[in-house]
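Q: What follows is a protein structure lacking sequence information:
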């Protein structure tokens, strides 16, 4: 059995527990991309069986990502599902033939997907920091204060 990094890293465990859904998705995709390089390294060193176990972990991550895209009301669900199904198919081909070139393609596709989600996470963080805490907790109160204070000056 493979030892999961979250089991030995309390910082990572806390980060996962407190992360937004978008950040969790980004973390999973980035981890899968990272593991592609690890699998390639293991295969290069002749540790094929251990590399195959980590390839299975990549497949599990892709399954988790696919499982998270089930909203039939969202028009993006179908193309996203198709993309993750394609990536799962690539992992099967990589595993069947120990195809390091296809593994590299998988890593590149995952890296692009990870970068996309990193940008989503960064934008969400910027949007959250640009609004005041009162805006998110009391949006109607905040807007009424803005209008009621328009003729008021704090200068003495």
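A: Great, that's in hand. None of the values given here were measured: they were computed from a predicted structure.
Q: List the contacts of the spatially most central residue of the chain.
A: Among the residues of the chain, the one closest to the centroid is residue 26, at 1.6 Å (CA atoms, centre = their mean). Applying CB atoms under 8 Å, 6 or more residues apart in numbering, one finds that residue 26 lies in contact with 114, 117, 118, 120, 121. (C-beta placed from N, C-alpha, C; glycine too.)
Q: Run a quick neighbour tally on the nearest residue to it once chain neighbours are set aside.
A: Nearest residue to residue 26, sequence neighbours excluded (CB to CB, 6 or more residues apart in numbering): residue 117, at 3.7 Å. By other CB atoms under 10 Å, 19 other residues sit near residue 117.
Q: by contact count, what packs against the longest helix along the chain?
A: Longest helix of the chain, by residue count under DSSP state H: helix 100-130. Helix 100-130 sits against helix 21-44, helix 77-97, with contacts defined as 3 or more CB pairs under 8 Å, 6 or more residues apart in numbering; DSSP states H and E.
Q: in it, what's buried?
A: 102-103, 105-107, 109-111, 113-114, 117-118, 121 (16 or more other CB atoms under 10 Å).
Q: Flag the shaky bits of the chain, pLDDT-wise.
A: Along the chain, the parts satisfying pLDDT under 70 run over 1-8, 10-19, 131-156.
Q: I figured residue 23 hits residue 123, correct?
A: No - the criterion here is CB atoms under 8 Å, and residue 23 misses it with residue 123 at 11.8 Å.
Q: hmm, back to that, what's the most distant pair in the buried residues of helix 100-130?
A: 102 and 121 (28.3 Å; CB to CB).
Q: Let me see the contact set for residue 83.
A: Going by CB under 8 Å, 6+ apart, the list of residues near residue 83 reads residue 113.
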